[in-house]
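[1] Just need the structure, nothing else, for what follows:
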Amino acid sequence: MRQVATLLEKVRCSKDLIRCWYEAWDGNVYVSFSGGRDSTVLLHLVRTMFPEVPGVFVNTGLEYPEIVAFVKTMPNVVTLRPKVPFHQVIEKYGWPVISKEQSQFLHEMRTTKSESLRNTRLHGNRWGQSKISEKWKFLIEAPFKVSHMCCKKLKKDPMNAWCKETGRQPMMGNMAEESSLRAVAAQRYSCNAYECKRPTSKPLTYWTQRDVKEYLRITGIPYSPIYDMGYERTGCMFCLFGTHLEAPNKIQVLSKTHPKHHDYILNKLGAKEVLDFIGIPYI
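    Below you'll find the model as predicted:
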């Protein structure tokens with residue numbers, strides 16, 4: 001019901017959530033700013049009310065050059081960097097493929113010493129959930145590592161360290177329509193999750209990509225030119241989550257827009273072996 005509300009109603013609702021979050025923490029808040037369209041809209045909404053709120057950008061080393069350049073044009077944005085580079089993360093933990101959930105299950109299946117957990121990952125829990133999909137069980141024997149740890153090491157860890165240091169509480173541009181996990185989280189928790197172990201505000205939870213585009217059109221605020229180059233979603237350049245669902249996928253588009261980066265991920269980092277094994281095109 002909330003997702004089919006008008007854009008004006010969603011803007012009002014989001015501003016109410018932002019105001020409540022700001023007041024609850026006495027203004028000691030920030031916007032998690034990726035440089036993408038969603039967080040650009042959120043940052044604009046927040047600053048129409050509280051101009052002094054900072055944005056925080058984590059430059060993982062995997063950001064599109066157009067995203068990095070756009071972030072630099074925004075005032076009062078703190079840039080953080082991870083302690084470890086991407087190539088060390090995939091060497092130690094594995095590649096982010098298929099989805100965060102399936103990568104986690106595959107990683108646990110291959111590394112755990114718990115027979116109970118292995119059995120759950122193979123066959124599911126009592127409700128038939130929390131298991132590796134039949135479609136992806138062949139990746140248990142893949143000649144490369146698979147893991148969900150990339151996001152944690154490159155984004156969450158530096159952001160959490162900054163939050164601990166400053167005491168600021170985050171506002172994020174996550175939307176329920178982006179994944180089943182986020183949809184479930186939207187039903188389970190409030191948009192302003194005050195009581196969670198990690199308090200988080202998600203004022204755009206019930207927005208859609210159509211709403212975001214319409215807001216940008218109406219307001220005329222600038223956004224990264226990467227979206228005019230054939231990309232609908234951005235995120236990290238070398239993340240392989242969801243590439244099996246796209247046509248053309250982000251790696252194929254990368255070959256046209258950023259050929260040097262395309263060559264690097266395929267031939268230097270070894271993604272060619274990964275994509276070939278799964279059967280995902282990359283040219």
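
[2] any idea how far Lys155 is from Asn192?
    Going from Asn192 to Lys155 by Cβ to Cβ, to the nearest Å gives 22 Å. Any C-beta I mention is one placed from the backbone N, CA and C, and that applies to glycine too.

[3] what about Cys148, neighbour count?
    Rather than Cys, residue 148 is His. 22 (other Cβ atoms under 10 Å).

[4] same thing with Trp162?
    Trp162: 16 neighbours (other Cβ under 10 Å).

[5] Now for it: which residues touch it?
    Val56, Val78, Leu80, Arg168 (Cβ atoms under 8 Å, 6 or more residues apart in numbering).

[6] Please repeat the previous calculation with a cut-off of 10 Å.
    Tyr30, Val56, Val58, Val78, Leu80, Arg168, Pro170 (Cβ atoms under 10 Å, 6 or more residues apart in numbering).

[7] next one: Phe86
    60-62, 96, 150, 153-154, 236-239, 265, 269.

[8] returning to what we had before: quick one: which of the contacts of Trp162 is nearest Ser130?
    Comparing the contacts of Trp162 against Ser130 with Cβ to Cβ places Pro170 closest, at 27.3 Å.

[9] Could you report the distance from the closest one to Lys213?
    Counting by Cβ to Cβ, the gap from Pro170 to Lys213 is 24 Å.

[10] more neighbours, those two?
    Higher neighbour count among Pro170 and Lys213: Pro170, with 19 against 14, using other Cβ under 10 Å.

[11] would the more buried one count as being in a helix?
    No: counting by DSSP: H, G, I helix; E, B strand; the rest coil, Pro170 is not part of a helix but strand.

[12] and it, how far is that from Lys164?
    12 Å.

[13] What of Asp263?
    From Asp263 to Lys164 the distance is 38 Å (Cβ to Cβ).

[14] Same drill for the two, tell me which one is more crowded.
    Higher neighbour count among Asp263 and Lys164: Asp263, with 13 against 9, using other Cβ under 10 Å.

[15] Tabulate the contacts of Trp162 in JSON lines, adding columns for secondary structure and pLDDT.
    Converted to JSON lines, the contacts of Trp162 look like this (DSSP: H, G, I helix; E, B strand; the rest coil; pLDDT from 0 to 100):
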{"residue": "Tyr30", "secondary structure": "strand", "pLDDT": "98"}
{"residue": "Val56", "secondary structure": "strand", "pLDDT": "98"}
{"residue": "Val58", "secondary structure": "strand", "pLDDT": "98"}
{"residue": "Val78", "secondary structure": "strand", "pLDDT": "98"}
{"residue": "Leu80", "secondary structure": "strand", "pLDDT": "98"}
{"residue": "Arg168", "secondary structure": "coil", "pLDDT": "97"}
{"residue": "Pro170", "secondary structure": "strand", "pLDDT": "97"}
